[in-house]
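> pasting the structure only:
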């Protein structure tokens, strides 16, 4: 039973649909961010509380879930849904780490490494929604021209979400891939394909929002204080990424 | 030396950070700072190379067992190349980019790219190498997409990124396998263990070296635009010209570097290098053919690079690893010159063609057809024999046993074909003073052959001083003798047939008439449309996007 509940919080398809339906209904940015931070930690607590071993079939379902949501994310245009799908895909990849018998604290950090950029993106998405009525790619575009500070932060946050070096997501995925390459090559191969799909989805999101001629819509850019806050968060992410690298050794 | 190598990688990064933080205050002076730092970086790279020539080597670990920077001949040589090309691109960009939006951002990215490339070539452990290898693709995406208003620039930048990401993944898997087998990230330790225990352990029922070698070769193929992973290259010209120069001169060549870096792995493989050779050969042939049939000069340059990368990979495939390094440097210099010089050449040519009307120009360009042609049998003899003589003499100078190696014979074969093609073209020019033109051609060929042979031999001694290791690489590249002979015979027959067809077509005064002519046109259309590969990939992308969209609808977007 605990594993079924964990399957809801570390989303496994079709239980993952519940999380995504919930996330779409939460319209408040900070609340979304909190949800993204807390949700996988609850799943991990449930998984750690379960005394018996994780059944082998969970690995297949987890990889299928991660691949399915990564693939579906390439066609998404609404940022809120995109965040939900990437979160589902990333958190499902915690199952292979759980099944490898790793200790609790690194797995919790991996989950945080995936969640923090997603939470930041949720805040940025909320800002877009408040200014333009929707955080939707291809609708207005050209944000690099009109909102340069916002766009700069958005680029770094999306790069963190899609696990580019040296953000924590990169090292979490890298560690998972290298630890499975020899023992379970099919798992490693699935992981790298999922990683590739994240890159595709991330670039499509960025191109739909920041690329193109200035749209003529007036909107205030990030204030200096907000810029420094986001920059600090990104720097912390980068430093913690290097911490993850240390954890590899 | 440790401080030198750390400074080499850190200086451009510090420059990038400084410009990013101070761009508002620095304004247009940001570029000056960037150029100054790159000049110092270049000087450090030259100092490092000098030390390396003097026999110095070693490594420094920044953070325990990762973040290792390795100081060896290959890294030192590549660092000079990268820092040098980067410096030229920096200087060029100061004025070229001045009217573009995002001037400071451009230099931040350029410095970050320089730092990443330098880190990549001096990386002494697998994690640092993978991180740098991955970041090159990401930074290149943003450099190519410097113009944030241009959808097309970003579309093709995306093609580049996704191909590079495809190339990152085999390297990650190779890193995983090496770490699993040897329990360390350090390249020095891994290579030392491989040297001590050449009998590689089996993984997944395959010798580890074969598997790792194949994965590294795959990563190199994606980075160096080998056939089927090449479509991004000719389309990435929408980026700024300095980026094109940097990309064609210093980034796309990374495949050759990677194969050289993992030479201690490839030396213990049996079947990987012959495959590398075939992939390089196919890429060289297709890239060169596509280059000849493009109407767009930029695309033509892109396919020219693809052809050159094919040759470079092919050289690795025959075991001439150091020759590949020389090739990538030579290609980088001339292709960088082409890109950076093209704009001013076009501009100057609008006012005056600038071609000197001297005797040599009149002789070579404004030639008059000769009344009498030379006897064809004599010409065939010269065409076939002269390149062979030149090549044999040049190679006997550097190594008497050179011809014992299969790879050397392949290279000589290509050298012979190129030389013979040059002389054949000379013959076809039908100039009045044929013998003078022939002397000029043979002299040029001799300079190239002797220069190339001597320099590549010097590179070989510098990069791979251990003779047994050099022999081992050539041995690893050997293919089955029967297959080798059949391939060589087939290639010779194809080339001679091509010459005969050209000769008879010119003699009869027309290209293949009737059905054959139609077939030729169809073939030409196929080639000029780039084998329809960009269309195929675009279609495939749309299919995948459509499938993902339909899945979303069926699953109610949750």
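Arrived safely, thanks for sending. These numbers were taken from a predicted model, which means no experiment stands behind them. Numbers count the residues shown, from 1 in each chain, chains lettered A, B, ... in the order given.
> tell me where chain A has helices.
A:2-9, A:16-25, A:29-49, A:57-73, A:79-92, A:94-99, A:104-132, A:143-146, A:148-161, A:168-180, A:185-210, A:224-247 (DSSP state H).
> let me have these in JSON lines, extended by mean pLDDT, mean neighbour count and distance to chain B.
Using the backbone N, CA and C atoms, a C-beta is placed for each residue, glycine as well. Formatted as JSON lines, these follow (pLDDT from 0 to 100; neighbours: other Cβ atoms under 10 Å in any protein chain shown; distance: least, Cβ to the nearest Cβ, whole Å):
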{"stretch": "helix A:2-9", "mean pLDDT": "85", "mean neighbour count": "18", "distance to chain B": "13"}
{"stretch": "helix A:16-25", "mean pLDDT": "95", "mean neighbour count": "17", "distance to chain B": "4"}
{"stretch": "helix A:29-49", "mean pLDDT": "95", "mean neighbour count": "18", "distance to chain B": "15"}
{"stretch": "helix A:57-73", "mean pLDDT": "96", "mean neighbour count": "22", "distance to chain B": "5"}
{"stretch": "helix A:79-92", "mean pLDDT": "97", "mean neighbour count": "27", "distance to chain B": "6"}
{"stretch": "helix A:94-99", "mean pLDDT": "92", "mean neighbour count": "22", "distance to chain B": "13"}
{"stretch": "helix A:104-132", "mean pLDDT": "94", "mean neighbour count": "21", "distance to chain B": "15"}
{"stretch": "helix A:143-146", "mean pLDDT": "91", "mean neighbour count": "22", "distance to chain B": "4"}
{"stretch": "helix A:148-161", "mean pLDDT": "96", "mean neighbour count": "22", "distance to chain B": "7"}
{"stretch": "helix A:168-180", "mean pLDDT": "92", "mean neighbour count": "24", "distance to chain B": "3"}
{"stretch": "helix A:185-210", "mean pLDDT": "96", "mean neighbour count": "22", "distance to chain B": "4"}
{"stretch": "helix A:224-247", "mean pLDDT": "87", "mean neighbour count": "15", "distance to chain B": "6"}
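> which phi and psi does residue B:69 have?
Dihedral angles phi and psi of residue B:69 (degrees, to the nearest 10) take the values phi -110, psi 130.
> can you give me the pLDDT of it?
The model reports residue B:69 with a pLDDT of 93.
> likewise the one 5 residues further on?
The predicted local distance difference test score for residue B:74 is 96.
> surely it and residue B:328 touch.
No: if you go by Cβ atoms under 8 Å, residue B:74 and residue B:328 don't touch, sitting 11.6 Å apart.
> circling back to that earlier point, nearest to residue B:156, out of the helices of chain A?
helix A:185-210 (11.6 Å; Cβ to Cβ).
> give me the low-pLDDT residue ranges for chain B?
B:354, B:356-360, B:362-372, B:400-404, B:430, B:509-514 (pLDDT under 70).
> okay, now the domains of it?
Domain segmentation of chain B under automatic domain parsing yields B:1-124, B:154-344, B:366-509.
> how about TSV for the ones you listed, with mean neighbour count and distance to residue A:220 added?
Shown next, in TSV, are the domains of chain B (neighbours: other Cβ atoms under 10 Å in any protein chain shown; distance: least, Cβ to Cβ, whole Å):
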stretch	mean neighbour count	distance to residue A:220
domain B:1-124	20	18
domain B:154-344	22	25
domain B:366-509	15	57
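> of all the ones you listed, which lies closest to chain A?
domain B:154-344 (3.0 Å; Cβ to the nearest Cβ).
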